[in-house]
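Asks: Return atomic coordinates for the entry below.
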Amino acid sequence: MTSVYAYLTFNGNCREAMTFYQQCLGGELHFQTIAESPLAEKMPSQMKKHILHATLTQETLTIMASDMVSDQGLIRGNTISLMLNCSNEDQIKAYYNCLSAGGEATHPLELTFGGALFGDLTDKFGNNWLLHCNQFKSKK
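Replies: Numbering: from 1, shown residues only. Next comes the predicted model:
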């Protein structure tokens with residue numbers, strides 16, 4: 001089966017961002033620095049502490065990232081969002097609150113016309129997140 005993973009590019013703060021995402025979402029986090037790779041000999045010494053590749057995995061969630069910015073530089077835009085399909089109300093609320101800390105809660109969690117709980121935010125690193133929960137049960 002083919003899968004799609006989010007791959008984020010940072011400009012020197014990949015470790016900080018991915019550690020934050022792990023704190024919010026849980027899972028296992030692995031880093032490979034430039035110094036730990038065959039690229040180490042070809043890179044300036046100040047780049048060796050930067051992240052060549054990071055992977056955060058948690059059940060069916062995988063987010064990958066790097067500090068390897070192209071020659072044109074890092075250009076932020078709103079064309080990519082990370083979609084989290086949550087399994088229950090407690091999970092979506094916890095993820096939303098944690099990921100929006102220090103960022104912007106652009107669309108607070110609300111019940112949609114289809115009966116799902118949905119919201120979006122921009123985290124403190126400038127990345128857009130969509131959170132969705134089909135299994136929402138209104139607590140009366």
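
Asks: Where does residue 99 sit, in terms of helix or strand?
Replies: When elements are assigned from DSSP states H and E, residue 99 belongs to helix 89-100.

Asks: Same question for residue 32.
Replies: strand 28-33.

Asks: Each with direction, which strands does that strand pair with?
Replies: In the sheet containing strand 28-33, its partner strands are strand 51-58 (antiparallel), by DSSP bridges.

Asks: Give me the below-cutoff pLDDT ranges for this structure.
Replies: 1-2, 78, 136-140 (pLDDT under 70).

Asks: and it, what are its domains?
Replies: Domain segmentation of the chain under automatic domain parsing yields 6-66, 81-133.

Asks: how deep is the residue lying closest to residue 135 once chain neighbours are set aside tucked in, by neighbour count?
Replies: Spatially, and ignoring its direct neighbours in sequence, residue 135 is nearest to residue 88 (5.5 Å; C-beta to C-beta, 6 or more residues apart in numbering). In short, each C-beta sits where N, CA and C put it, glycine included. Close neighbours of residue 88, defined as other C-beta atoms under 10 Å, add up to 14.

Asks: Same check on residue 33?
Replies: 19.

Asks: my guess is it contacts residue 50, does it?
Replies: Yes - the pair residue 33 / residue 50 is scored as a contact, 6.7 Å apart, by C-beta atoms under 8 Å.
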